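Participant: heads up, no residue letters with this:
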């Protein structure tokens with residue numbers, strides 16, 4: 001069993017470059033299916049989820065491999081299958097984003113319900129309803145989806161919730177469909193803009209990403225292209241929050257500061273000094289943390305749900321009360337029980353978690369139950385007294401590249417075995 005040991009109480013210092021975006025690279029790798037030719041995706045982070053995406057492409061008959069310097073080279077010309085086995089689907093939630101691309105390319109698709117972190121019910125009803133509107137016949141049986149669509153047709157789709165995954169699946173399905181598709185109440189996340197940029201680099205006609213209406217004009221053929229994935233805003237937020245928890249002076253480079261605005265605002269309220277210089281964000285914390293008031297997760301441009309757990313870990317030692325309101329997922333407080341083992345004072349009532357800061361946290365044996373919750377436990381351990389042993393690293397490896405090494409480069413006393 002792999003584990004990370006962290007000896008807390010040591011401030012962090014130094015500069016580190018943030019990885020490429022996990023939430024961007026996965027739909028972009030799925031999009032390579034649409035062109036049926038060679039693509040090079042740069043700034044790809046070394047993550048288990050990226051490895052799973054590469055294995056899905058290979059299973060479909062495509063050529064896909066990691067190249068040097070964070071590039072994934074994919075040639076999807078030889079795609080000869082339209083099914084994804086259950087073993088791969090269960091490894092990550094984002095595997096469902098392959099549905100729209102496979103259906104568009106092959107005219108049919110077979111896959112099981114996706115897996116990933118256990119964050120409560122996350123139905124893909126919005127994905128299925130949208131594809132049906134575009135002309136797909138979808139049968140759900142025994143936990144599998146059987147889909148057929150000899151030709152998808154553009155239409156107006158109104159999402160009841162601005163789902164990132166549903167917006168991406170529609171964009172992929174509509175890129176080569178007949179006619180124009182308009183997505184209303186679309187997700188506005190930066191990752192949607194990044195997918196638009198890649199589709200257009202392949203010859204697509206997509207506009208409106210970043211707004212509530214995305215318009216996709218279907219084209220008959222797409223061609224291979226190169227693309228560099230945007231920085232990972234959640235990984236950057238986690239590093240800044242780690243510095244807030246441990247104290248010190250840390251610079252995170254290669255970011256897009258505008259994507260971190262809500263997280264930086266909360267950390268500034270906690271008493272951290274934050275400065276920006278181009279693509280670099282610097283955080284300094286040498287005094288006690290102050291309470292952060294009310295932190296409410298919301299769709300972009302609101303506070304990101306993926307940053308809730310790491311920020312909560314830092315709030316555990318603030319001198320006062322911070323209230324978290326989780327409105328995106330029903331079960332995103334899985335890390336709370338483990339933080340309590342470290343001496344935190346947290347009360348959860350439904351969607352609300354009330355954190356009363358304590359003078360000290362203490363090292364303990366803890367286990368990650370999901371990706372961001374695992375990062376939160378490391379953030380707490382950096383500011384705790386004594387040694388923490390963190391297991392469940394398969395979750396952290398899904399979304400953070402060389403997690404222990406990056407923190408060690410900033411002076412953390414951290415080892416992986």
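Facilitator: Noted; the coordinates are in hand. Predicted, not measured: the structure shown is a model, and the values here were computed from it.
Participant: okay, CA-based contacts and neighbour counts for the rest of this
Facilitator: Fine.
Participant: Domains in this structure, by residue range?
Facilitator: 4-19+231-416, 22-228 (automatic domain parsing).
Participant: quick one: low-confidence parts of the stretch 201-350 of the chain?
Facilitator: Residue ranges of the stretch 201-350 of the chain with pLDDT under 70: 331.
Participant: Which stretches in the stretch 201-350 of the chain count as strands?
Facilitator: Here the stretch 201-350 of the chain has its strands, by DSSP state E, counting those that start in this stretch, at 205-207, 213-217, 226-228, 248-253, 273-277, 280-285, 293-296, 321-325, 345-349.
Participant: Return the set of buried residues in the last one.
Facilitator: Neighbour-count burial for strand 345-349, counted by 16 or more other Cα atoms under 10 Å, picks out 345-346.
Participant: Tell me which residues are up against it.
Facilitator: Strand 345-349 has contacts (Cα atoms under 8 Å, 6 or more residues apart in numbering) with 316, 336, 340, 353-358.
Participant: For the strands of the stretch 201-350 of the chain, please prepare CSV with the additional fields distance to residue 103.
Facilitator: Shown next, in CSV, are those (distance: least, Cα to Cα, whole Å):
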stretch, distance to residue 103
strand 205-207, 19
strand 213-217, 16
strand 226-228, 23
strand 248-253, 38
strand 273-277, 43
strand 280-285, 40
strand 293-296, 36
strand 321-325, 37
strand 345-349, 42
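Participant: of all the ones you listed, which lies closest to residue 147?
Facilitator: Checking these against residue 147 by Cα to Cα gives strand 213-217 as the closest, at 21.6 Å.
Participant: Tell me which other helices or strands the closest one touches.
Facilitator: Contacts defined by 3 or more Cα pairs under 8 Å, 6 or more residues apart in numbering; DSSP states H and E place strand 213-217 against helix 164-174, strand 180-184, strand 205-207.
Participant: Pull up the pairing partners for it, direction included.
Facilitator: Strand 213-217 sits in its sheet next to strand 180-184 (antiparallel), strand 205-207 (antiparallel), going by DSSP bridges.
Participant: Redo these as TSV? Include mean neighbour count and distance to residue 286.
Facilitator: Formatted as TSV, the strands paired with strand 213-217 follow (neighbours: other Cα atoms under 10 Å; distance: least, Cα to Cα, whole Å):
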stretch	mean neighbour count	distance to residue 286
strand 180-184	22	46
strand 205-207	20	45
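Participant: Next, the angle strand 280-285 makes with the lengthiest helix in the chain.
Facilitator: Longest helix in the chain by number of residues (criterion: DSSP state H): helix 233-246. With axes from the mean of the first three to the mean of the last three Cα atoms, to 10 degrees defining the directions, helix 233-246 sits at 20 degrees from strand 280-285.
Participant: tally of neighbours for residue 212?
Facilitator: 13 (other Cα atoms under 10 Å).
Participant: Look up how far residue 214 lies from residue 272.
Facilitator: Using Cα to Cα, to the nearest Å, residue 272 is found at 37 Å from residue 214.
Participant: Is the residue nearest to residue 64 when sequence neighbours are not counted within a helix or a strand, and which one?
Facilitator: Closest residue in space to residue 64, ignoring its immediate chain neighbours: residue 74 at 4.2 Å, by Cα to Cα, 6 or more residues apart in numbering. Under the criterion of DSSP states H and E, residue 74 resides in strand 71-75.
Participant: can you check residue 65 too?
Facilitator: strand 63-67.
Participant: Now do that strand against strand 71-75, angle only.
Facilitator: Orientation of strand 63-67 against strand 71-75 (the same axes, to 10 degrees) gives an angle of 160 degrees.
Participant: Can you verify my assumption that residue 56 contacts residue 84?
Facilitator: Yes: contact criterion Cα atoms under 8 Å: residue 56 and residue 84 qualify, at 6.7 Å.
Participant: Count the neighbours of the closest residue to residue 327 other than its chain neighbours for me.
Facilitator: Closest residue to residue 327 apart from its sequence neighbours, by Cα to Cα, 6+ apart: residue 297 at 5.8 Å. A count of nearby residues for residue 297, using other Cα under 10 Å, gives 20.
Participant: what bits of the stretch 51-200 of the chain have low per-residue confidence?
Facilitator: 115-123.
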